Structures are given as C-alpha cells and as structure tokens.
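A.B. asks: The amino acid sequence is not available; the structure is as follows:
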RNA sequence: GGAGGAGUGGCUGAGUGGUUGAAGGCGCCGCUCUCGAAAAGCGGUAGGCGUGCAAGCGCCUCGUGGGUUCAAAUCCCACCUCCUCCGCCA
C-alpha cells in the first residue's frame, strides 16, 4: 500500500508508475474520495471536540438536563456522519489498495514478460548426444515421481516424491539452509497457514481477482502461497532498532496455490502444482540499504545455482511484469530441456515500504523518528523447479541421473540409477 | 474440547465511570559532574490522522470489534491471544 499523502503530493509520479506497471487504477477518483473523506472527518472531529468539551465541563458532579440533551444531540449527529463517511471509506480503501508501488528507475519499461531484460547467462544450455527425456519420463523410469496416485488421493496438481527424489528435497533444504545461515540469515520453519491480516499485509489478498489462495472454510485462515507471508508478518506491528537492521530471515515452508486453469505443455509435471516446499529469504532493512540488499540476494541466488551447476540466466524484470508490490525484481531462469527454453526458478524483489506500511513494521531512526522499514524477499529454492532442472539437465545416456557434487554430504549416492 | 484467570506505552506495572494519553520503575536521548567512563542529579521520551509556514490546536488509539452512557482503560456482548487446571494427542 502506498501512503495517501505521498499520492497527493506525487500524483503524476504515481499515475505514471501505475501506467508503466500496466495496472489500471483511477487515481483521480481516489483523490476525490480522499478529499470527501477528510472533509467529513473534519466535521466529525469538530463534533467530537464539542462532545469532549461538554463531558469535561460536566465532570465531577451531576450534569444538568440541558447538558444531557445537548450531549444526546451531538451523539446522534456524530453517528449520522459516521454512517455517511463509511460509504466513502469503503470505496476509498478499495482503490487505495489497488495503487501499485513505484518502480526503480533501472527497471526496464515494458508491457509483459517478453520485455524482461536478460542481464547475464551463467553456464550453457545443456546439449545431449542422445534423445533426452523430460522429468516426467525420468520420474517414471527411475520411480521418483507419482502423479497418478496423487491424483487419486489428492487430485490433479499433486504429486508424491519417491526414493532418491524424496531424499533430494531434504538434501537441497540442508544445502541451502546451511549456506544462508553462514551468511547471517536466521533460519525458520514457519506455519503453513496464516490469518487474513498476514495474507493482506504481504499482498496476497485471498479474495483478489487472481485468486491463488486456498482459504479454510469458516476460519480467518488461508494456506500460505509462500513463506514470504509468514516471515514478513513475523515482525508485524514492531518497532525495530536501527542498529539491528538489516534483519535477515530464511524460512522453510510448504506453499499452496490454486493455479486455476494453468494447464498446457509448458506447465506439465512438477512445473506448476498446487503444493510445493520452498526455502525463502526475507529481509527487513533501512530504506537506504534495500537497493544493495537486493543485489546481494541476487548474488546469493547465483551462488546457489552456480554451485549446483545448473545453467541459468538472470533477468531484470520489466515494469509490466513487476506486480503491484515490487519496486524492483530479478528472476533467475534455469535451462529446462523439457521446454527447450529457460524457466523461472527464483525471484527476488525489493518491495520498499509497500508491505511494511500495511504490516506496520517500523524502525527508530537516528533522528529519533520512527519510519517504515523496507522489505525484500527472494527464493532461495523451490523444490519443484529445481528437481526438474536437476533431472532434466543431468540425465545420462544410460537413463541415470547425476546429482550435483555439492550435495555429496547430504545424499547416499551421487547417481540415481534404474531400480 | 471443558473450567477458571489475564491482556495498559520500547519493556515492566498502577489505575475509584468524569483534570488518565495514562502514576511508579526500567530502558533510551540530552544536560550537569568527570581527563574519560561508571555512579549520581536534572530534564525529555507513544503512535496515527487532520489543520497550520511554524509554534500550536483538534480528533483517534489501553488485545480486536460492537454496545450502554451526557461522559468508558474502567460497565455489557462477541471474538482473538496468553496463563493455570482437566481431557485428548504426535
């Protein structure tokens, strides 16, 4: 959420950012409602001031009949105005919550993911001197994946990881947590469900248009789509000390997404599913630190996939593909032989104060004032996309799959062979 | 799930329906003292919104949301969370 005062004072900038982000929102209408709201609020405040004055005049003894009558009258007037302002408020909030964050000047202006800018390529697209299989075929021949049974038990979009692939998930968790803890991140295993305020505060509105979120019937709870929700909300309503910033968290959770209608060749198998495990980074920082920290996150991601020897490229995400909360974003895309193309494996964003405003996370600055922190989030590892990349890129002519050497201490064997 | 108790500022902790936005303590900031520090003393110290060049003024906030009242931290209702005991359980 943006600050209404900021929108008032920087209307042009906000309008332009929304346009660049390809998000339709009527800023003019918002400002009109804002004015109506303030006008009505001033009236109410004045009436309340009268009421307070009356109450303190009557203090100590019994109020006389005239005072009581006046008080009753004021009470009714206030109630009436409050009902009126409520209507305006609903419309106002609805628009305000749709106003997107600004974007970094270096985020390329563009319409959609076609306009994302390739920053660099690390490694080379894998070439095979045999006919490569996709991860579904490998999963079947090596007995690593079972979609059929999962479909019966849980439905379309679910899966069982079996044998070495089940072990691989935990090996990768260990590998990535160990690395991040060494870099000063505090490790978490978070709840997989969160309340409405946490969902909304981080920008995952359960009742939003692009409904991705599973809600628990009859409860103010949803299944989280990412640990960003639980990690970001961990410090909600807190005032942090400047000397403690940046605060770096890394959390493991399961992630749940409806992915309604997301079928097609490109999203087969493990690529797009309703549930997966993920290790997520989350940073709370002072405003002046967040630009550098995003670069740092991107470097950490590069280090992880570099060590796994998975070929990948880095994208600087364009304005139209940033989404509402992100000010700047980098994606890493791994080479996926199934797609014969790159496919997203990580994403890291600087959300500046867009999340912290709603989550109410502040810090006390050197000048004694409390200010909103900046928040950043980034995928350390998603345990669907990475197994795809490993299976498909590291398959051998004999049908076996080699496991990256850096996982040696976490895996019983560095090769998966047919049973 | 059942029975009791409790939620007050950065923390702790008082609070009789009416000078309580809130005592005291701790912490933090400033000053005095000191070569410096500690200790001690003095002073300051919640956030949000509106208005104003500013000083200021007004409104809101005592877990959350409603209600009663001329007036609510204080009374009533619902919900949330925590504590104790019982039950159940990995």
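C.D. replies: Cool, got the structure. Fair warning: this is a prediction, and the values are worked out from it, not measured in the lab. Residues are numbered from 1 along each chain as shown, chains lettered A, B, ... in the order given.
A.B. asks: quick one: buried residues of stretch A:282-296?
C.D. replies: For stretch A:282-296, burial by neighbour count (16 or more other Cβ atoms under 10 Å) applies to A:282, A:283, A:284, A:285, A:286, A:287, A:289, A:290, A:291, A:293, A:294, A:296. For glycine as for every other residue, the C-beta is placed from the backbone atoms N, C-alpha and C.
A.B. asks: which other residues reach that stretch?
C.D. replies: With contact meaning Cβ atoms under 8 Å, 6 or more residues apart in numbering, stretch A:282-296 is reached by A:104, A:227-228, A:231-232, A:235, A:240, A:242, A:245-251, A:297, A:328, A:330, A:348-350, A:352-353, A:356, A:361, A:363, A:365, A:371-377.
A.B. asks: cool, stretch A:401-419 as well?
C.D. replies: Applying Cβ under 8 Å, 6+ apart, the set of residues contacting stretch A:401-419 from outside is A:138, A:141-144, A:163-165, A:167-168, A:170-172, A:174-175, A:307-310, A:390-391, A:394-396, A:398-400.
A.B. asks: buried residues in that stretch?
C.D. replies: Going by neighbour count (16+ other Cβ under 10 Å), the buried part of stretch A:401-419 is A:401, A:403, A:404, A:407, A:410, A:411, A:416.
A.B. asks: The last one bridge partners, please.
C.D. replies: According to DSSP bridges, the partner residues bridging residue A:416 are residue A:401.
A.B. asks: hmm, back to that, could you find which two of the buried residues of stretch A:401-419 are furthest from each other?
C.D. replies: Farthest apart among the buried residues of stretch A:401-419 by Cβ to Cβ are A:401 and A:410. That separation is 15.9 Å.
A.B. asks: How about the closest residue to RNA strand B within the stretch 151-300 of chain A: what's its closest non-neighbour residue?
C.D. replies: Taking Cβ to the nearest atom of the strand as the measure, the stretch 151-300 of chain A has residue A:239 as its residue closest to RNA strand B, at 5.1 Å. In space, and not counting its chain neighbours, residue A:239 is closest to residue A:362: 4.9 Å by Cβ to Cβ, 6 or more residues apart in numbering.
A.B. asks: got a pLDDT number for residue A:203?
C.D. replies: With respect to pLDDT, residue A:203 has a value of 87.
A.B. asks: Might you report the residue contacts of it?
C.D. replies: Here residue A:203 is in contact with A:324, A:325, A:351, A:354, A:355 (criterion: Cβ under 8 Å, 6+ apart).
A.B. asks: JSON lines for those residues, including secondary structure, distance to RNA strand B and neighbour count?
C.D. replies: Formatted as JSON lines, the contacts of residue A:203 follow (DSSP: H, G, I helix; E, B strand; the rest coil; distance: Cβ to the nearest atom of the strand, whole Å; neighbours: other Cβ atoms under 10 Å):
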{"residue": "A:324", "secondary structure": "coil", "distance to RNA strand B": "20", "neighbour count": "19"}
{"residue": "A:325", "secondary structure": "coil", "distance to RNA strand B": "19", "neighbour count": "22"}
{"residue": "A:351", "secondary structure": "coil", "distance to RNA strand B": "19", "neighbour count": "26"}
{"residue": "A:354", "secondary structure": "helix", "distance to RNA strand B": "15", "neighbour count": "26"}
{"residue": "A:355", "secondary structure": "helix", "distance to RNA strand B": "16", "neighbour count": "29"}
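A.B. asks: Make CSV out of those and add pLDDT and distance to residue A:109.
C.D. replies: Listed next are these as CSV, based on pLDDT from 0 to 100; distance: Cβ to Cβ, whole Å:
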residue, pLDDT, distance to residue A:109
A:324, 93, 17
A:325, 94, 18
A:351, 96, 19
A:354, 94, 19
A:355, 93, 23
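A.B. asks: from the stretch 251-400 of chain A, which residue is nearest to RNA strand B?
C.D. replies: Going by Cβ to the nearest atom of the strand, RNA strand B is nearest to residue A:370 of the stretch 251-400 of chain A, at 4.8 Å.
A.B. asks: Count the neighbours of the closest residue to that residue other than its chain neighbours for me.
C.D. replies: The shortest distance from residue A:370 to any non-neighbouring residue, by Cβ to Cβ, 6+ apart, is to residue A:362 (4.5 Å). A count of neighbours around residue A:362, defined by other Cβ atoms under 10 Å, yields 19.
A.B. asks: ok, now residue A:170?
C.D. replies: 14.
A.B. asks: Nearest spatial neighbour of residue A:13, chain-adjacent residues omitted?
C.D. replies: residue A:102 (6.7 Å).
A.B. asks: quick one: secondary structure of the one you found?
C.D. replies: coil (DSSP: H, G, I helix; E, B strand; the rest coil).
A.B. asks: okay, now it: neighbour count?
C.D. replies: Neighbours of residue A:102 (other Cβ under 10 Å): 22.
A.B. asks: cool, residue A:69 as well?
C.D. replies: 11.
A.B. asks: What is the helix or strand containing it packed up against?
C.D. replies: Taking DSSP states H and E as the criterion, residue A:69 maps to helix A:65-96. Packing partners of helix A:65-96 (3 or more Cβ pairs under 8 Å, 6 or more residues apart in numbering; DSSP states H and E): helix A:27-57.
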